[in-house]
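**Q** 3D, please:
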Amino acid sequence: MCEDVVRSSLDAALIPVRAYLPRTALTNELLPICVFFHGGGWVYGGGGSHDHIGRYFASRGIVTVMVDYRLSPEHKYPVPMIDCLDAIKWASKSADELGCDPHRLIVAGDSAGASLALGACLKARDTRYEGFVDGTGGIAGIL
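**A** This next block holds a predicted model:
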């Protein structure tokens, strides 16, 4: 596991992220990367609240990035969604150093996190993946 921060494009705030790394690569291939957004009704939860999900995906050979996006009511829409989009861009650009293929990028979430995942993916598509690693023409999957 490694921890890092993503700088928000909205106001330069720091968004904590935690990457769960598989213990060993299953092959010499670059691994897929999953960016996961926790649920919690947009008002509670954090990266640690869904630790079991990060560990589960990592045990299956998927590098998983858990994002501690900013919560309401202190941070109203669109702040959480922009935090999530910035985290997806960070994962795309950091894929090489994490041993991942940026073209095998998965975005996932549960409950409120799922709605943020979908919103961020739609925004990425609508802006033609601006800010992503060169050559990104889509997100491989959304769970």
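
**Q** show me what the longest helix along the chain packs onto, helices and strands only.
**A** Longest helix in the chain by number of residues (criterion: DSSP state H): helix 79-98. Using 3 or more CB pairs under 8 Å, 6 or more residues apart in numbering; DSSP states H and E, the elements in contact with helix 79-98 are strand 2-7, strand 14-20, strand 31-37, strand 63-67, strand 100-109, helix 112-126. C-beta: built from backbone N, CA, C; applies to glycine.

**Q** report the angle between the third one and strand 100-109.
**A** If I follow you right, that is strand 31-37. 30 degrees (axes from the mean of the first three to the mean of the last three CA atoms, to 10 degrees).

**Q** sheet-wise, list the partners of strand 31-37 with their directions.
**A** Here strand 31-37 is paired, per DSSP bridges, with strand 63-67 (parallel), strand 100-109 (parallel).

**Q** OK, contacts around the most centrally placed residue in the chain?
**A** Centroid-nearest residue in the chain, with CA atoms, centre = their mean: residue 35, separated by 2.7 Å. Shown in contact with residue 35 (CB atoms under 8 Å, 6 or more residues apart in numbering): 64, 65, 67, 84, 87, 88, 91, 105, 106, 107, 108, 117.

**Q** turn the residues you listed into TSV, columns for pLDDT and distance to residue 77.
**A** TSV is the format used below for these (pLDDT from 0 to 100; distance: CB to CB, whole Å):
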residue	pLDDT	distance to residue 77
64	95	25
65	95	22
67	95	16
84	96	11
87	95	16
88	95	17
91	93	22
105	93	24
106	93	24
107	95	18
108	95	20
117	95	15
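
**Q** hmm, which two among the residues you listed are most spread apart?
**A** 64 and 84 (14.7 Å; CB to CB).
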